[in-house]
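just a sequence and a predicted model for now, questions to come.
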Amino acid sequence: MIEGRILEDARRTRWLLAALALCGACPDDSDGIGGGSSTGAEASTSGTTAMTAGTSEPTTTLDPDTTGGDPPTELQPCDPLADDCGALRCGGAPSAGYYCRPPCSSMAADGDPCSDGGVCLPTYPGSTELACVVLQPCDPATGDGCELGAGESCVVVDLEPVRTACEPAGSGGVADPCGPAGGNGCDVGLGCLGSDLQDGDPGYCTPWCTPPGPDDAACPVCVPLGDGLGSCAECDVLEDTCDAGSQCQPINEALGGVCVEFGPGGEGEPCSPLDPAQSCQDGLLCLEATADVYGCVATCDPAAPMCADPATSCIDIGFVLPGIPTGELGLCLAGQQQFCDPSADPTGCDPDEVCFAVSADTGICGAVCDPTEGDLACPGNAACFPEQGGMLDVTPFAVGNGACGAGCTDDGDCGGGTCLLVEGLASAGICGTTCDPDAPVCDAGSTCVATPGDPMVGACVVGGAACAVADPFSCVGMAEGSCVVLDGGDAAVCMAACFAQDPNACAGEPAACQVRTDAAFHAGVCLGQEPPCDPLLQDCGDGLACVVTGGSAIGGVAFMCRAAGPLDEGGDCSADDGACGVGLQCVADVCVALCDPSADDCTAGTCTDAAAALYLPEGTVGFCL
């Protein structure tokens, strides 16, 4: 029977809590944000992801710099964390194995088409780097549609939606160990479930099935994964048809499980997942929170997300695990964000919260905030991310949320200078030295801008180049990146951009940062975690890294855990700035070490205080540069 060898091994369920922990600190595996730039021209990479403005190509091809466009005829097994494919990319899926494949363009999106009927898919779960996977309609349970005589097997390379491919068959039988890296280790009809790539834990070859399944000794329950695909198990965690006095304990990411008798373990108490004498009480699941340390976790109903412990939140696992339906099962976890569906109505958030999208069908609930308020924007260990329509608003990262200049309402406020009246700033105007537009004399770097009320009189403005009234990005790339509309709305000029929440704005004179009044620049969502992690101690746990998120257009600072990437210090993180390892953060496309400015404990470079860039007190944290 399928559970024979599974019951002989202490099956790991850490994949479940690890996935929840990573998304609880989101946006991270795909859309975490960092900051630190002191200008509005671009977002910094001192957090987990740099923000840039732009649009994606409507159709994706392979990366022309690394491949001629044709996928390799023979697939070479690889390790996606080892980067051992040269110009190719190591990509695949836990259930199907990993092979060297052509990389997709940097402008590609998940699911975009590529050569030979393929699609661009993440190189491994949580990665933002994409590789081209050639698809083939086939039946994972039988192998039909593939050339079995030639050694092929029908493998599942994606679960949302279900996508299949014909790739080399492995030799592993039912319940044999497989993965977590390398090629497909399972024979035809089997997939590798339950592995943990980051932790190096293997999975087990598990039969695929077509729901409702054969209902025989070889496949007691066919756990549905959507689109006519399921996996065999002794029981289904969502349905739990185990006999009275026992419950279905999960053994893989498909929520297949084995029936285990109730034990004495209460919520938060240690347990052993498959030992009835050390299992959990009714309504609790025994899950691995850290390496080899299991604890009893309470379940909950996502439709009525209430947990007995007020310090925990009900997290719908359907928002985290691919192929698992939402609204079926939740876990009561501490320090977690509430997940939501950004495309649904209602989204699942409280009425006064925003569902902030971190993927097409998953969001995180967060309180409404104003990024310009800085540390006052959010309570606790949370930062205020600019938001529009439930998505990150890149505009303020590029153009700032204010413009530098002494505010005024008329010439009398300018000490003999001229008040250039503007629109869209908290101040009615900006002071400048009086000048003649027909014979301008201004300091270097400034331009004589004619006042709207009298074109014969001008004010010297730092920058001052004309920009498009309707295009907020028309100054991006210039030293003065903020396009400010003049009174009357017929003209606009570029001025020095600033962030109102930056204590060092406008060359150390933050009071000179005139904040924009457009409501879009004051819309944000609070995201963070409790308690905060320590970037110097790196106390997030195995496989997780503590990063500092703040600066630039972000209000406040948060210290959050994210998935640790495979890159070492000095690694190129331009393609995925969440790919740096523990104790590292992506800065200017390079993985650099976090350090203590008072100790200068860098093994490479010098510890440079990053407090000013991140809007933190001096000496809080530094980067080895």
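Structure's in. What do you need? Numbering: from 1, shown residues only.

element containing C561?
Per DSSP states H and E, C561 falls inside strand 557-563.

which is the next helix or strand following that strand?
Sequence order places strand 584-587 as the next helix or strand after strand 557-563, per DSSP H and E.

check which helices and strands that next one is in contact with.
strand 544-550, strand 590-595 (3 or more Cβ pairs under 8 Å, 6 or more residues apart in numbering; DSSP states H and E). C-beta coordinates here come from the backbone N, C-alpha and C atoms, glycine included.

just to revisit the earlier point, give me the angle between the strand holding C561 and strand 544-550.
In terms of direction (axes from the mean of the first three to the mean of the last three Cα atoms, to 10 degrees), strand 557-563 departs from strand 544-550 by 150 degrees.

figure out how far strand 557-563 is from the centre of its chain.
Relative to its parent chain, strand 557-563 has a centroid offset of 11 Å by Cα atoms, centre = their mean, to the nearest Å.

export that strand as PDB, just CAs?
C-alpha atoms of strand 557-563 as PDB (Å, rounded to 0.1, in the frame of the first residue of the first chain):
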ATOM      1  CA  VAL A 557      10.700  50.700   8.200                       C
ATOM      2  CA  ALA A 558      10.000  47.000   8.800                       C
ATOM      3  CA  PHE A 559      12.400  44.100   9.700                       C
ATOM      4  CA  MET A 560      10.900  41.100   7.900                       C
ATOM      5  CA  CYS A 561      11.800  37.500   7.200                       C
ATOM      6  CA  ARG A 562      11.900  36.200   3.600                       C
ATOM      7  CA  ALA A 563      13.100  33.100   1.900                       C
END
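
list the contacts of it.
With Cβ atoms under 8 Å, 6 or more residues apart in numbering as the test, strand 557-563 has contacts from 21-22, 25, 28-29, 32, 48, 126, 198, 375, 381-383, 527-529, 532-535, 540-541, 543-551, 578, 614-616.

give me the mean pLDDT for it.
For strand 557-563, the mean per-residue pLDDT is 87.

list the buried residues of that strand.
557-563 (16 or more other Cβ atoms under 10 Å).

among those residues, which one lies nearest to G145?
G145 lies nearest to A563 out of the buried residues of strand 557-563, by Cβ to Cβ, at 34.0 Å.

and D31, what pLDDT?
33.

coming back round to it: of the helices and strands packed on strand 584-587, flag the one that's most buried.
strand 544-550 (a mean of 27; mean count of other Cβ atoms under 10 Å).

who does that one touch, helix- and strand-wise?
Against strand 544-550 (3+ Cβ pairs under 8 Å, 6+ apart) you get strand 557-563, strand 584-587.

report the strands that pair with the longest one, each with its relative direction.
Taking DSSP bridges as the criterion, strand 557-563 pairs within the sheet with strand 544-550 (antiparallel).

same thing with the last one?
Listed by DSSP bridges, the sheet partners of strand 584-587 and their directions read strand 590-595 (antiparallel).

who touches the strand it pairs with?
By Cβ under 8 Å, 6+ apart, strand 590-595 touches 535-536, 548, 567-573, 579-581, 583-586, 601-605, 607, 621-625.

buried subset of those?
Buried by 16+ other Cβ under 10 Å: 535-536, 548, 567, 569, 571, 573, 579-581, 583-586, 602, 607, 621-625, out of those.

one step back: need the helices and strands packed on strand 544-550 in CSV with distance to L135, can you?
Shown next, in CSV, are the helices and strands packed on strand 544-550 (distance: least, Cβ to Cβ, whole Å):
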stretch, distance to L135
strand 557-563, 27
strand 584-587, 32
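
who's the closest residue to P214 other than its chain neighbours bridged to?
In this structure, P214 finds its nearest non-sequential neighbour in C222, 7.4 Å apart by Cβ to Cβ, 6 or more residues apart in numbering. For C222, the beta-bridge partners are C232 (DSSP bridges).

burial count for C222?
Using other Cβ atoms under 10 Å, C222 has 23 other residues around it.

shift numbering so it begins at 39
All set: I'll call the first residue 39, so the last point we hit is now C260.

next, C370: secondary structure please.
strand (DSSP: H, G, I helix; E, B strand; the rest coil).

got the phi/psi numbers for P175?
Backbone geometry at P175, expressed as degrees, to the nearest 10, gives phi -60, psi 130.

gap between it and A125?
Counting by Cβ to Cβ, to the nearest Å, the gap from P175 to A125 is 30 Å.

same deal with A372?
A372 sits 44 Å away from A125, going by Cβ to Cβ.

could you pull up the residues touching C469?
443-446, 451-453, 455-458, 497.

could you find the closest non-adjacent residue to C640?
The spatially closest residue to C640, leaving aside those adjacent along the chain, is C662, at 3.6 Å (Cβ to Cβ, 6+ apart).

same thing with E307?
C334 (5.3 Å).

and what of T166?
Per Cβ to Cβ, 6+ apart, closest to T166 is D614, 4.5 Å.

got JSON lines for the helices and strands packed on strand 622-625, with distance to G304 too?
Listed next are the helices and strands packed on strand 622-625 as JSON lines, based on distance: least, Cβ to Cβ, whole Å:
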{"stretch": "strand 582-588", "distance to G304": "26"}
{"stretch": "strand 628-633", "distance to G304": "38"}
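
how many other residues sit next to D509?
By other Cβ under 10 Å, neighbour count at D509 equals 11.

and it, how far is that from L463?
17 Å.

retrieve the pLDDT associated with the residue nearest to T166.
78.

ditto for Q552
96.

surely it touches L463?
Yes. Counting by Cβ atoms under 8 Å, L463 is a contact partner of Q552 at 4.3 Å.

pLDDT weak spots in the stretch 139-288 of the chain?
Low-confidence segments of the stretch 139-288 of the chain (pLDDT under 70): 253.

and with 50 instead?
For the stretch 139-288 of the chain, not a single residue meets the criterion pLDDT under 50.

for it, what spans make up the strands?
Taking DSSP state E, counting those that start in this stretch as the test, the strands found in the stretch 139-288 of the chain are 151-152, 156-160, 168-172, 190-197, 200-206, 215-216, 228-231, 241-247, 259-264, 267-271, 273-274, 284-288.

tell me who's in contact with D122.
By Cβ under 8 Å, 6+ apart, the contact set of D122 is 116, 128.

three-state assignment of D413?
Here D413 is helix, with the state taken from three-state DSSP.

count residues in the vicinity of it, would you?
15.

surely it is in contact with I592?
No. Contact criterion Cβ under 8 Å: D413 and I592 do not qualify, at 11.1 Å.

ok so, going back, so which of Q552 and L463 has more stuff around it?
Taking neighbours as other Cβ under 10 Å, Q552 and L463 compare with Q552 leading, 27 against 22.
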